[in-house]
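Student: Build me a model from this:
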Amino acid sequence: MPRIVSRDEWLVARKQLLAEEKAVTRARDALSAKRRRLPMVKLDKTYVFRGPDGDVSFPEIFQGRRQLYFHHFMWNEERGFCPGCSAAADMIFNNPHVRAALGERDLMFTCVSRAPIETIEGYKKERGWTFPWVSSADNDFNYDFHATLDESRAPIEYNYRSKEELIAAGFKAEDLNGDWTGASVFLRDGDEVYHTYSVYARGQDHLTVHYNYLDLTPYGRQEDWEDSPAGWPQRPTYG
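Tutor: Okay, the predicted model is just below:
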């Protein structure tokens, strides 16, 4: 349990923390401003995706909007779809109000997986989901944007680290395969598509809604990597 103090002593500690919180908020705003000023890369390769009604070109996925947020929905041939992505779909992706709010700011939200479209559609029906989701099974998209690691398709890279850098950081070579968590952002100018941003691993933490609530509580996320006082409840990191 946290230490018990008087209201006055608590207020002093809370104001000290508030000063640090405000500094983080300002730093986050400054970081977002830098993100908006990132350069972009024109896509020279043609990617054709598969939707429920057939082939879909990259510009068509924007559905008339200028910005596109692609969630790389993880899938494994043996284990199926990622439980973490599925939980996010239940909480966020399938909420039409969230997608409408994004659309009002000219942003299209879509998921992409290398699973066949028939597998995607079957899973959507099973879960009762209606959000847009396309298949990249017939193109190199997942490999080119490093959401799927397969050395036979593209050099291993994840979160902007090479295979050698990942191994030096503690990853096992035999684990550097299959789908990994990530999201990519694109901007459209007519039929020209530009890559502006990709984020991986814990860079997406702030998008996981329940984490934001847990981070305000005494016990936090209760995951084993967190810096918590001795005896605080913790469990192995989800997924």
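
Student: Every contact and neighbour count from this point should use C-alpha atoms.
Tutor: Fine.

Student: which residues of this structure fall in strands?
Tutor: With DSSP state E as the criterion, the chain has strands at 41-42, 48-51, 54-57, 67-72, 75-76, 80-81, 107-113, 133-135, 148-149, 157-158, 161-162, 178-179, 182-189, 192-200.

Student: Select, out of those, the one closest to Val5.
Tutor: strand 192-200 (40.7 Å; Cα to Cα).

Student: all helices of this structure, in order?
Tutor: 7-36, 58-61, 83-88, 96-104, 117-127, 141-144, 163-168, 209-214 (DSSP state H).

Student: Return the most buried member of these.
Tutor: helix 141-144 (a mean of 20; mean count of other Cα atoms under 10 Å).

Student: quick check: mean pLDDT across stretch 173-190?
Tutor: For stretch 173-190, mean pLDDT is 96.

Student: what residues does that stretch touch?
Tutor: Outside stretch 173-190, the residues within contact range by Cα atoms under 8 Å, 6 or more residues apart in numbering are 59, 62, 65-76, 145, 147-151, 156, 163, 167, 193-201, 204.

Student: now the end-to-end length of that stretch.
Tutor: 42 Å (Cα to Cα, to the nearest Å).

Student: what comes up buried for that stretch?
Tutor: Of the residues in stretch 173-190, Leu176, Asp179, Trp180, Thr181, Gly182, Ala183, Ser184, Val185, Phe186, Leu187, Arg188 count as buried by neighbour count, 16 or more other Cα atoms under 10 Å.

Student: Output those residues as TSV; include the columns distance to Arg28.
Tutor: Formatted as TSV, the buried residues of stretch 173-190 follow (distance: Cα to Cα, whole Å):
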residue	distance to Arg28
Leu176	31
Asp179	29
Trp180	25
Thr181	22
Gly182	20
Ala183	19
Ser184	19
Val185	19
Phe186	21
Leu187	22
Arg188	26
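
Student: Scan the helices and strands of this protein for the one with the lowest mean pLDDT.
Tutor: Least confident element among the helices and strands of the chain, by mean pLDDT, DSSP states H and E: helix 209-214 (a mean of 84).

Student: chain center to that helix: distance?
Tutor: Offset of helix 209-214 from its chain centre (Cα atoms, centre = their mean, to the nearest Å): 15 Å.

Student: What are the contacting residues of that helix?
Tutor: Defining contact as Cα under 8 Å, 6+ apart, one finds that helix 209-214 is touched by Met91, Ile92, Asp205, His206, Gly220, Arg221.

Student: Buried subset of those residues as a ChimeraX selection?
Tutor: Applying 16+ other Cα under 10 Å to those, the buried members can be selected in ChimeraX as follows:
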select :92,220,221
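
Student: ok, which pair from the contacts of helix 209-214 is furthest apart?
Tutor: Among the contacts of helix 209-214, Ile92 and Gly220 lie farthest apart (Cα to Cα), at 20.7 Å.

Student: Quick one: closest of the strands of the chain to Pro2.
Tutor: strand 192-200 (33.7 Å).

Student: In the closest one, which residues are buried?
Tutor: For strand 192-200, by 16+ other Cα under 10 Å, it's Val193, Tyr194, His195, Thr196, Tyr197, Ser198, Val199, Tyr200.
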